[in-house]
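In: 3D, please:
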Amino acid sequence: MNIPDQDRRFVVGPLKPDGSLDTSRSAYLEDETGNLAKVAQENAERRAKERAQKREIPSDVQPGTAEALFFNLRNVTFDNEDAIAASKRKGQLDKQSEQTLERLRLELKLLDNIGATFAANLIRQGLESGKAVTAEEATKRRRAMTANEMFDEVQTMLDFYEWLKDEKGSKTAKVPEGNYGASKPDYDIDRLIEACKSLQRKLSEEAVKKGEN
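Out: As a prediction, this is how the structure comes out:
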């Protein structure tokens, strides 16, 4: 692993299992020709381009929708992942940042799977009523969900989790399996409750952009 130092020397050494540099087995390598610096710069530019591409938000995403919050939350998650990775490359660990990242990932997972469950329910209800709803139609309706509509869907999950905790004494629960396999693993139920409440706060803020709140 080559990590450029400020004076254009490079730290060479293996990484620990947690992704941080193993400084006990690292050494400095002088970059006399500048080739290492050139490669490092090229790699940095490539990573920057890849980051920009994965952060792109479709041009038809409308402010004030659940979809807009999804992409914004996804990009905040990417930013936190990058910051933590950069710290680890310097041999630093930030437990608080890692905990924040885990909360963001759970919120994103809940938002995505509640939306997918909403679309699946539209198809099921269509079959039951004899008015078929295609997957394309259900996806279109999901993408058009306002932040306030998603707020109500999240409230349904929040009510369920609080019922499990207060009435059933459950310590853990699953996320809705809108996407195959999403319900694994079990999560601490207090984490799920807090994630739902945090999502609702963010959805309320997003709804303002549509002039609904």
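In: can you pull the contacts of the closest residue to Ala144 other than its chain neighbours?
Out: Distance criterion Cβ to Cβ, 6 or more residues apart in numbering; nearest residue to Ala144, sequence neighbours excluded, is Thr65 at 6.9 Å. (Glycine included, C-beta is placed from N, CA and C.) By Cβ atoms under 8 Å, 6 or more residues apart in numbering, the contact list for Thr65 reads 143-147, 206, 210.
In: kindly recompute the last result at 7 Å.
Out: By Cβ atoms under 7 Å, 6 or more residues apart in numbering, Thr65 lies in contact with 144-147.
In: what about it, distance to Ile114?
Out: Going from Thr65 to Ile114 by Cβ to Cβ, to the nearest Å gives 14 Å.
In: and what of Lys209?
Out: 20 Å.
In: of these two, which one has the most company?
Out: Between Lys209 and Ile114, Ile114 has the larger neighbour count (other Cβ atoms under 10 Å), namely 22 against 15.
In: any idea which element the nearest residue to the more buried one once chain neighbours are set aside lies in?
Out: Nearest residue to Ile114 in three dimensions, chain neighbours excluded: Glu153, at 5.2 Å (Cβ to Cβ, 6+ apart). Assessed by DSSP states H and E, Glu153 sits inside helix 147-168.
In: kindly calculate the angle that the longest helix along the chain makes with helix 147-168.
Out: Ranked by residue count, the top helix of the chain under DSSP state H comes out as helix 95-129. For helix 95-129 against helix 147-168, the angle by axes from the mean of the first three to the mean of the last three Cα atoms, to 10 degrees is 100 degrees.
In: now do the helix or strand following helix 95-129: distance to the chain's middle.
Out: The element immediately downstream of helix 95-129 (helix or strand, assigned by DSSP H and E) is helix 135-143. In terms of Cα atoms, centre = their mean, to the nearest Å, the centre of helix 135-143 is found 22 Å from the chain centre.
In: how is Glu56 assigned, secondary-structure-wise?
Out: Using DSSP: H, G, I helix; E, B strand; the rest coil, the secondary structure recorded for Glu56 is coil.
In: how close does it get to Asn75?
Out: Between Glu56 and Asn75 the computed distance is 9 Å (Cβ to Cβ).
In: quick one: which of the two has more around it?
Out: Neighbour count, other Cβ under 10 Å: between Glu56 and Asn75, Asn75 has more, with 15 against 9.
In: ok so, going back, which neighbours do Glu56 and Asn75 share?
Out: By Cβ under 7 Å, 6+ apart, no residue touches both Glu56 and Asn75.
In: in this structure, which helix or strand is least confident?
Out: Least confident helix or strand of the chain, by mean pLDDT, DSSP states H and E, is strand 2-4 with a mean of 47.
In: tell me where the model's unsure across the protein.
Out: Regions of the chain meeting the criterion pLDDT under 70 cover residues 1-45, 47-50, 52, 211-213.
In: how is it divided into domains?
Out: 1-54, 62-208 (automatic domain parsing).
In: of these, flag the one that's most buried.
Out: Mean neighbour count (mean count of other Cβ atoms under 10 Å) peaks for domain 62-208 among the domains of the chain, with a mean of 16.
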